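Asks: I would like the atomic coordinates for the input below:
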Amino acid sequence: MTEDLPEIPGYTIEHLLGEGGMARVYLAIQRGFERPVALKIIAPELAANEEFGKRFLREARIVGMLSHPHIVPVYDVGEHKGLLYLAMEILADGDLRSRMIKPLDEDVALEITRQLASALGYAHKKGFIHRDVKPDNVLFRDVDTAVLTDFGIARAAEDSEDVTQITQVQSVIGSPKYMSPEQSLGHQLDARTDIYSLGVMLFQMLSGDAPYSGRNLTEISLQRFERQMPRLPDHLQRLQPLIDSMMAYNRDQRFASCEDLLVALKDLPSGSPPVVAGGAFDATAVMAAPEVPPPQPREQAVGPGRRAVVFGAALVLCLSAAGGWYALRNNESVQVAKTAGTPVVLQEKGLAEAALEGEPPQDSVVTVRESGEATTLDKGVVADAVANDGDRSESASSLAAAPQSDTVPAAPVSPPLLPEPDEFFAFYDAVNLGVPAAEKEFVAAYPRSVFADILRVKSTGDMAAVEALQQQAASGSARAMSVLGELYDTGWVVGKDKDAALRYAELAARQGSPLGLYQHATLLMAVAQTDAQRRAALRILEKSAEDGFFLAQTLLANHLFDGRLLGRDVDESLRLFTLAGEQGDRNALFNLGRIYDAGIHLSEPDTARAREYFLAAARLGHPQARNYLQEPI
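Replies: Residues are numbered from 1 along each chain as shown. Coordinates of the predicted model:
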């Protein structure tokens with residue numbers, strides 16, 4: 001039976017060309033111009049989502065303004081009776097996939113790469129990341145002209161960043177064989193994710209095979225972690241440095257932009273190595289992150305000053321950082337200047353710096369600068385040696401005993417901050433959705449949540465609220481310290497200040513707050529330079545995990561499973577994953593599913609058990625779990 005064709009005003013639809021998970025594509029004639037077009041109509045279940053529809057139309061219209069010889073032109077976009085549609089140039093000379101049944105000539109492969117790098121560089125400058133660069137999305141206008149198509153999952157770079165940094169993840173969309181490590185984890189993306197995908201395609205064009213042969217995302221992720229960089233055949237070794245700099249596991253080791261890639265391609269002399277991105281590729285590069293919203297600052301490159309997120313053992317983890325196991329002692333008084341309205345900046349070296357230098361900090365006086373006037377905070381808090389010497393039981397807070405001033409509002413010492421998983425993930429989902437109404441709904445549903453405190457400041461931009469938080473922090477409130485640490489970490493309202501974020505997290509950690517300990521450890525990791533520093537930070541994380549904080553349990557379990565920093569302890573890792581999963585941590589459940597699905601470090605896979613974990617994670621809203629229940633490449 002012939003399927004009824006849809007009706008879109010202004011178009012005569014002739015027949016179906018193809019279909020995928022998101023849309024169907026029809027051959028149509030655009031009346032008035034009388035030209036053939038490829039008319040893409042979005043799947044009804046997606047179009048029925050009002051928020052998706054608004055975003056699709058907005059982004060499609062922006063993409064329609066892209067004008068580049070190697071990007072498919074968009075002629076029209078609109079909505080009719082619930083159908084979302086996009087009209088594009090029809091390209092009839094086949095796709096790159098069909099040309100790669102055998103290795104391409106080296107010059108042909110490099111020219112296609114140049115054309116696509118030019119197109120991607122143009123899109124990146126306009127603020128778009130493609131996110132699904134693969135052979136099926138490269139069509140040919142004629143035998144020599146490659147055209148990049150299907151910006152259907154492209155997103156404006158700034159849209160992928162407007163979420164919080166307590167943890168970081170976006171839904172994973174794309175094709176597993178071609179997606180970058182950071183995309184497979186749902187991390188914040190930038191231009192370098194498209195460069196990675198283009199590198200995979202170049203490798204395949206040259207060699208005839210994909211660099212990794214896994215059947216699904218789990219296997220591909222594991223291969224990327226356990227193997228060295230894929231090697232080109234001997235006769236193509238002069239191009240290996242180019243591949244290395246496009247496909248580096250650590251994106252900081254890739255070309256920073258398509259412009260840099262084009263320079264390397266242009267300067268590529270016959271018979272000699274190309275220009276590379278700089279820095280040695282570290283095939284041992286680390287680990288991957290739990291579901292955590294991307295950071296707020298509008299920066300492309302992820303440098304040492306930002307929260308480091310890395311991948312390991314095909315798991316979803318978030319690296320924390322360096323520091324020591326702190327036995328916090330001595331309740332001392334705190335005197336804080338009463339001037340409000342400016343961030344507290346601790347000027348002298350404290351626990352964080354001493355830990356990063358690998359030495360136990362001494363008792364010191366910390367200068368607190370507010371509105372240009374210095375006052376002193378007698379710190380009387382001595383950290384034990386980074387090597388984890390000392391009494392772990394002592395965790396008295398130096399701030400809890402702060403005397404109250406007539407001008408500084410009293411803040412009662414909070415009970416340990418121990419957010420529940422449903423609270424955290426509702427917060428994450430609300431922020432990641434990028435819709436203010438969703439954030440307001442979260443605040444209404446969880447009015448007493450520490451995350452609601454963060455969103456109230458974010459949504460109102462109220463500096464008076466920031467001043468009140470600063471005063472409460474000065475009076476010993478670990479809750480206020482954690483909120484301020486997150487605000488300075490993300491840059492919401494107060495502006496990004498990693499030093500202030502680290503200081504507030506450190507103060508909250510001294511209070512014995514499980515959330516503060518977690519924040520402190522992860523922020524320290526962002527500035528860690530050595531494995532010794534990273535191991536020291538994990539000792540801070542251990543305390544948060546011991547206190548029952550599920551994020552810390554999952555993160556610590558990841559490290560114990562990976563074994564690079566702490567030594568592998570699979571049994572303890574599974575125990576911690578299970579503890580977090582029993583609380584409702586969907587990341588822990590998802591990780592357990594991946595471990596049993598692939599049989600990683602186990603005697604054999606247990607797909608039935610893996611399915612139970614994936615189902616549990618999916619029911620709790622994990623964005624990738626459903627894919628693992630039945631995941632085609």
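
Asks: burial of the nearest residue to residue 89 once chain neighbours are set aside, as a residue count?
Replies: For residue 89, ignoring the flanking residues on the chain, the nearest one in space by CB to CB, 6 or more residues apart in numbering is residue 73 at 4.9 Å. From N, CA and C alone the C-beta is placed, and that goes for glycine too. Number of residues near residue 73 (other CB atoms under 10 Å) recorded here: 14.

Asks: which residues touch residue 73?
Replies: By CB atoms under 8 Å, 6 or more residues apart in numbering, residue 73 lies in contact with 67, 88, 89.

Asks: what about it, distance to residue 205?
Replies: Noted for residue 73: a distance of 25 Å to residue 205, by CB to CB, to the nearest Å.

Asks: returning to what we had before: who wins for neighbours among the contacts of residue 73?
Replies: Going by other CB under 10 Å, residue 88 tops the contacts of residue 73 with 23 neighbours.

Asks: next secondary structure after the longest helix anywhere in the chain?
Replies: Taking DSSP state H as the criterion, the chain has its longest helix at helix 106-125. Heading C-terminal from helix 106-125, the first helix or strand you meet, by DSSP states H and E, is strand 128-129.

Asks: helices or strands next to that next one in the packing?
Replies: On a contact count with 3 or more CB pairs under 8 Å, 6 or more residues apart in numbering; DSSP states H and E, strand 128-129 meets strand 155-156, helix 191-207.

Asks: what about those, which gets the closest to residue 469?
Replies: strand 155-156 (31.1 Å; CB to CB).

Asks: after that closest one, which helix or strand is next? Please name it.
Replies: Assignment by DSSP H and E places the next element after strand 155-156 at helix 181-184.

Asks: could you dump the helices and strands packed on strand 128-129 to JSON lines with distance to residue 624 and mean pLDDT?
Replies: Output for the helices and strands packed on strand 128-129, formatted as JSON lines (distance: least, CB to CB, whole Å; pLDDT from 0 to 100):
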{"stretch": "strand 155-156", "distance to residue 624": "17", "mean pLDDT": "51"}
{"stretch": "helix 191-207", "distance to residue 624": "16", "mean pLDDT": "96"}
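
Asks: hey, which of these is tucked in deepest?
Replies: helix 191-207 (a mean of 25; mean count of other CB atoms under 10 Å).

Asks: which helices and strands does it pack with?
Replies: In terms of contacts (3+ CB pairs under 8 Å, 6+ apart), helix 191-207 is packed against helix 106-125, strand 128-129, helix 181-184, helix 240-247, helix 258-266.

Asks: ok, back up a step: how about the helices and strands packed on strand 128-129 in TSV, adding distance to residue 484?
Replies: Listed next are the helices and strands packed on strand 128-129 as TSV, based on distance: least, CB to CB, whole Å:
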stretch	distance to residue 484
strand 155-156	29
helix 191-207	31
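
Asks: which one of the contacts of residue 73 sits closest to residue 506?
Replies: residue 67 (50.4 Å).

Asks: which SS state does the closest one fall under?
Replies: Secondary structure assignment for residue 67 (DSSP: H, G, I helix; E, B strand; the rest coil): coil.

Asks: got a pLDDT number for the residue nearest to it when sequence neighbours are not counted?
Replies: In space, and not counting its chain neighbours, residue 67 is closest to residue 73: 7.1 Å by CB to CB, 6+ apart. pLDDT, residue 73: 90.

Asks: torsion angles phi and psi at residue 73?
Replies: With angles defined as degrees, to the nearest 10, residue 73 sits at phi -70, psi 140.

Asks: residue boundaries of the strands in the protein?
Replies: Assigned by DSSP state E, the strands in the chain fall at 11-19, 23-30, 35-42, 74-80, 83-89, 128-129, 138-142, 145-148, 155-156, 345-346, 365-370, 373-378.

Asks: helices or strands next to the third one in the packing?
Replies: The contact analysis (3+ CB pairs under 8 Å, 6+ apart) places strand 35-42 against strand 11-19, strand 23-30, strand 83-89.

Asks: then the fifth one?
Replies: Packed against strand 83-89, as judged by 3+ CB pairs under 8 Å, 6+ apart, are the following elements: strand 35-42, helix 44-47, helix 50-63, strand 74-80.

Asks: mind putting these in TSV, mean neighbour count and distance to residue 621 included?
Replies: Converted to TSV, those look like this (neighbours: other CB atoms under 10 Å; distance: least, CB to CB, whole Å):
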stretch	mean neighbour count	distance to residue 621
strand 35-42	21	23
helix 44-47	13	17
helix 50-63	16	16
strand 74-80	17	28
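
Asks: let's have the ones you listed in JSON lines, adding distance to residue 130.
Replies: Converted to JSON lines, the helices and strands packed on strand 83-89 look like this (distance: least, CB to CB, whole Å):
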{"stretch": "strand 35-42", "distance to residue 130": "16"}
{"stretch": "helix 44-47", "distance to residue 130": "19"}
{"stretch": "helix 50-63", "distance to residue 130": "10"}
{"stretch": "strand 74-80", "distance to residue 130": "14"}
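
Asks: how about the ones you listed, which one is nearest residue 103?
Replies: Among the helices and strands packed on strand 83-89, the nearest to residue 103 by CB to CB is strand 35-42 (29.2 Å).

Asks: who touches that closest one?
Replies: 6, 8, 11, 13, 17, 22-30, 56, 75-76, 83-91, 152.

Asks: how close does residue 91 get to residue 25?
Replies: Remark: distance between residue 91 and residue 25 (CB to CB) = 11 Å.

Asks: nearest to residue 253, of the helices and strands packed on strand 83-89?
Replies: Among the helices and strands packed on strand 83-89, the nearest to residue 253 by CB to CB is helix 50-63 (29.7 Å).

Asks: what's the average pLDDT for stretch 502-518?
Replies: pLDDT averaged over stretch 502-518 gives 94.

Asks: what do you get for stretch 230-240?
Replies: Rounded mean pLDDT across stretch 230-240 is 89.

Asks: now do the same end-to-end measure for that stretch.
Replies: End-to-end span of stretch 230-240 (CA to CA, to the nearest Å): 9 Å.

Asks: what are the buried residues along that stretch?
Replies: Buried residues in stretch 230-240, defined by neighbour count with 16 or more other CB atoms under 10 Å: 230, 232, 236, 238, 239, 240.

Asks: as CSV, the residues you listed with distance to residue 580 would be great.
Replies: Output for those, formatted as CSV (distance: CB to CB, whole Å):
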residue, distance to residue 580
230, 34
232, 42
236, 46
238, 48
239, 44
240, 41
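
Asks: what residues sit buried inside the longest helix of the chain?
Replies: Those would be 109-124, for helix 106-125 by 16+ other CB under 10 Å.

Asks: helices or strands up against it?
Replies: Helix 106-125 packs on strand 145-148, helix 191-207, helix 258-266, going by 3+ CB pairs under 8 Å, 6+ apart.

Asks: out of the ones you listed, nearest to residue 184?
Replies: Of all the helices and strands packed on helix 106-125, it is helix 191-207 that lies closest to residue 184, at 9.9 Å by CB to CB.

Asks: now that closest one and helix 258-266, what's the angle there?
Replies: Using axes from the mean of the first three to the mean of the last three CA atoms, to 10 degrees, the direction of helix 191-207 lies 30 degrees away from that of helix 258-266.

Asks: with just CA atoms, put helix 191-207 into CSV.
Replies: Provided in CSV are the C-alpha atoms of helix 191-207 (Å, rounded to 0.1, in the frame of the first residue of the first chain):
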residue,chain,number,x,y,z
ALA,A,191,34.7,23.2,17.7
ARG,A,192,37.2,20.5,18.5
THR,A,193,34.5,17.8,18.7
ASP,A,194,33.8,18.4,15.0
ILE,A,195,37.6,18.3,14.3
TYR,A,196,37.7,14.9,16.0
SER,A,197,34.9,13.5,13.8
LEU,A,198,36.5,14.9,10.7
GLY,A,199,39.7,13.2,11.8
VAL,A,200,37.9,9.8,12.0
MET,A,201,36.5,10.3,8.5
LEU,A,202,40.0,11.2,7.2
PHE,A,203,41.5,8.1,8.8
GLN,A,204,38.7,6.0,7.2
MET,A,205,39.1,7.6,3.8
LEU,A,206,42.9,6.9,3.8
SER,A,207,42.9,3.4,5.3
